[in-house]
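Requesting a structural model of the entry that follows:
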Amino acid sequence: MVTRQELLEKLQVAAELELATIPPYLTALYSLKQEANRAAAETIRSVVVEEMLHLTVVGNVMSSIGGGVSLGQNAVPVYPVTLNFNGVPFEDRRFAVDLAAFSPASLETFLSIEEPSTLRLIPFRTELDIPEPTVGDFYMSIIADLESLNAIDPAALFIGDPTRQIGPDYYWSSGGELLPVHDLESAKAALLQVIGQGEGAWVPGDGGEAGFGEPFEVGHYYRFKELSHGRRYLPSDDPAGLPTGDLIGVDFTQVWPIMTNGRQADYIVGSAAAQLNAAFNESYTRLLIQVEEALTGTPKSLYPAILEGMHNLSITAAELVSTPVEGDKAGRTACPSFEWRQ
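Here you go, the predicted structure:
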């Protein structure tokens, strides 16, 4: 039988897993010359918005059972992050998740991250272990733990201060509804939304077909698959196959040639890239501090995190990815490093 503390530790891993996916997706988004890749930009942005929603959901669940998420320096991943997929059908499969430009290779990585339940996933940040076969299975195990503890004593489990919950008044987007958590049913509803948006498991005949063919109604895996193949899914398509709907304009040549897994130490001190990346990291650190504050007792901190923090990151990143790396013989431009800045 899981304990409350063990469940809180598992939820913290879930928060770190969600946090680990956001920088690679944002880096690919920042690298796009968006006038030529508007559809790709909108798709990736939609996934990022939902990953932020998932992180907030995890924070709400932690608060509901008397805990609090931590997004400090120890939770920030160092890239490349290695993902180990173990078990059937991809035994001992390993790949690195990079901060890299939008490309067929980066899309393949995103598909591997988001692929539904046929894979067995154990990612680590250095080290971040997910003790279940897939991300969806991991969240289902959290639901099972909540059910087990709730069955013992419902009044003793959901003891968190309801004023710490982040509700729809503090987070609005087209990326799903943010559900405050106060009991088992609301916790399950919130976590099932995370599973549905992420893996987007779809079995023909279960009513899920209506979502296909409508942008951003399919799960993350299928959105990336649409970009990879340059077409939307039709309701009649088999999700295990290729999309056959409308063409999507994707131009892999209209992308900034950013260096992969750039670090602050890679940029010459005093250079434009070094100054911009330092400013980016400062904004990123401030954003994480604000999100943690929002999820641990000050919901209104989410306003500046989303409205100002994400906006400031985008402005700095746009200048950064178009800035040549001084002394780089390959002619690459700078890559935001998403490092914690003291």
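
use CA for all of it now, contacts and neighbours both
Fine.

hey, where'd the strands end up in the stretch 1-150 of the chain?
In the stretch 1-150 of the chain, strands defined by DSSP state E, counting those that start in this stretch lie at 81-85, 93-97, 121-123, listed in chain order.

among those strands, where is the model least confident on average?
Set side by side, the strands of the stretch 1-150 of the chain differ in mean pLDDT, and strand 121-123 is lowest with a mean of 34.

Can you get me a residue count around Lys188?
Lys188 has 20 neighbours, counted by other CA atoms under 10 Å.

now do Asn281
21.

same thing with the one 5 residues further on?
By the criterion of other CA under 10 Å, Arg286 has 16 neighbours.

How about the secondary structure of it?
Taking DSSP: H, G, I helix; E, B strand; the rest coil as the rule, one finds Arg286 in the helix state.

who's in contact with the closest residue to it other than its chain neighbours?
Excluding its sequence neighbours, the residue lying closest to Arg286 (CA to CA, 6 or more residues apart in numbering) is Gly309, at 7.5 Å. Contact analysis of Gly309 by CA atoms under 8 Å, 6 or more residues apart in numbering lists Ser283, Tyr284, Arg286, Leu287.

Just want to check the distance between Gly327 and Ala272.
Look at Gly327 and Ala272: by CA to CA, to the nearest Å, they are 12 Å apart.

So those two - more neighbours on which side?
More crowded of Gly327 and Ala272, by other CA under 10 Å: Ala272, with 18 against 10.

Need phi/psi at the residue nearest to the more buried one when sequence neighbours are not counted.
Of all residues beyond its chain neighbours, the one nearest Ala272 is Thr323 (7.3 Å), with distances taken as CA to CA, 6+ apart. Listed backbone geometry of Thr323 is phi -100, psi 120, with angles given as degrees, to the nearest 10.

got it, and Arg263?
Arg263 has phi and psi values of phi -130, psi 160 when expressed as degrees, to the nearest 10.

got it, and His220?
Listed backbone geometry of His220 is phi -60, psi -40, with angles given as degrees, to the nearest 10.

picking that back up, pull out the buried members of the contacts of Gly309.
Buried residues within the contacts of Gly309, defined by neighbour count using 16 or more other CA atoms under 10 Å: Ser283, Tyr284, Arg286, Leu287.

and the residues you listed as a markdown table, adding pLDDT and distance to Pro299?
Written out in a markdown table, the entries for these read as follows (pLDDT from 0 to 100; distance: CA to CA, whole Å):
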| residue | pLDDT | distance to Pro299 |
| --- | --- | --- |
| Ser283 | 95 | 19 |
| Tyr284 | 96 | 19 |
| Arg286 | 93 | 16 |
| Leu287 | 94 | 14 |
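
Would you map the helices across the stretch 1-150 of the chain?
Remark: helices of the stretch 1-150 of the chain, listed N- to C-terminal, are 4-31, 38-64, 104-114, 135-152; assignment by DSSP state H, counting those that start in this stretch.

the inter-axis angle of the second one versus helix 4-31?
This means helix 38-64. 160 degrees (axes from the mean of the first three to the mean of the last three CA atoms, to 10 degrees).

Compute the inter-axis angle for helix 38-64 and helix 135-152.
20 degrees.

Find out how far helix 38-64 is from the centre of the chain, if you would.
The chain centre lies 6 Å from the centre of helix 38-64; the measure is CA atoms, centre = their mean, to the nearest Å.

And it, what does it pack against?
helix 4-31, helix 184-198, helix 220-229, helix 272-295 (3 or more CA pairs under 8 Å, 6 or more residues apart in numbering; DSSP states H and E).

Nearest to Ser63 among those would be which one?
Closest to Ser63 of these, according to CA to CA: helix 272-295, at 7.6 Å.

Could you dump the helices and strands packed on helix 38-64 into TSV with distance to Val250 added?
Written out in TSV, the entries for the helices and strands packed on helix 38-64 read as follows (distance: least, CA to CA, whole Å):
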stretch	distance to Val250
helix 4-31	13
helix 184-198	22
helix 220-229	7
helix 272-295	27
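
what's the least confident stretch among these?
Set side by side, those give their lowest mean pLDDT on helix 184-198, at a mean of 87.

Quick check: which ranges of the stretch 1-150 of the chain have low pLDDT?
The model of the stretch 1-150 of the chain has pLDDT under 70 over residues 83-95, 117-134.

quick one on the thing from earlier: how close does the residue nearest to Arg286 get to Ala279?
Taking CA to CA as the measure, Gly309 and Ala279 are separated by 12 Å.
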